[in-house]
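**Q** Model the structure of this input:
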Amino acid sequence: MPLSLDEVRKVARLARLKLSDAELSRFEGQLGRVLEHMADLAALDTAAVPPTAHALGLSNVMRADEPVESGVQEALLANGPEREGPYLKVPKVIE
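**A** Next up, the predicted model:
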């Protein structure tokens with residue numbers, strides 16, 4: 001499906017591209033070949049092919065979220081400058 005030079009100019013204008021005359025003539029052939037490939041794809045019978053969002057079959061591989069004791073809270077709190085109960089004590093920064 002060959003495109004005319006005017007059609008290529010229109011596509012370039014819609015895409016907000018400034019193309020030189022040499023670029024317009026080069027893209028005239030390239031866009032025509034792309035449209036030919038699209039016509040080939042449109043001619044295929046895909047009625048028996050289920051729609052997919054991904055080429056590979058994906059499944060949920062996440063584990064169940066179960067809380068567990070990490071046992072490192074005391075070691076982490078020991079690294080702070082001061083603590084107040086189970087929390088780090090920091091200087092007030094909001095007036």
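**Q** C-alpha only now, for contacts and for neighbours.
**A** Noted.
**Q** buried ones in the helix or strand of the chain with the lowest mean pLDDT?
**A** Sorting the helices and strands of the chain by mean pLDDT, DSSP states H and E puts helix 73-78 at the bottom, at a mean of 86. Within helix 73-78, the residues scored as buried using 16 or more other CA atoms under 10 Å are Leu77.
**Q** helices and strands around whatever helix or strand comes next after that helix, which ones?
**A** Next in sequence after helix 73-78, counting helices and strands by DSSP states H and E, comes strand 83-84. In terms of contacts (3 or more CA pairs under 8 Å, 6 or more residues apart in numbering; DSSP states H and E), strand 83-84 is packed against no helix or strand at all.
**Q** can you list contacts of strand 83-84?
**A** The contact list for strand 83-84 (CA atoms under 8 Å, 6 or more residues apart in numbering) reads 77, 89.
**Q** chain center to it: distance?
**A** What separates the centre of strand 83-84 from the centre of its chain is 44 Å, taken as CA atoms, centre = their mean, to the nearest Å.
**Q** This structure: helices as residue ranges?
**A** 5-14, 21-42, 73-78 (DSSP state H).
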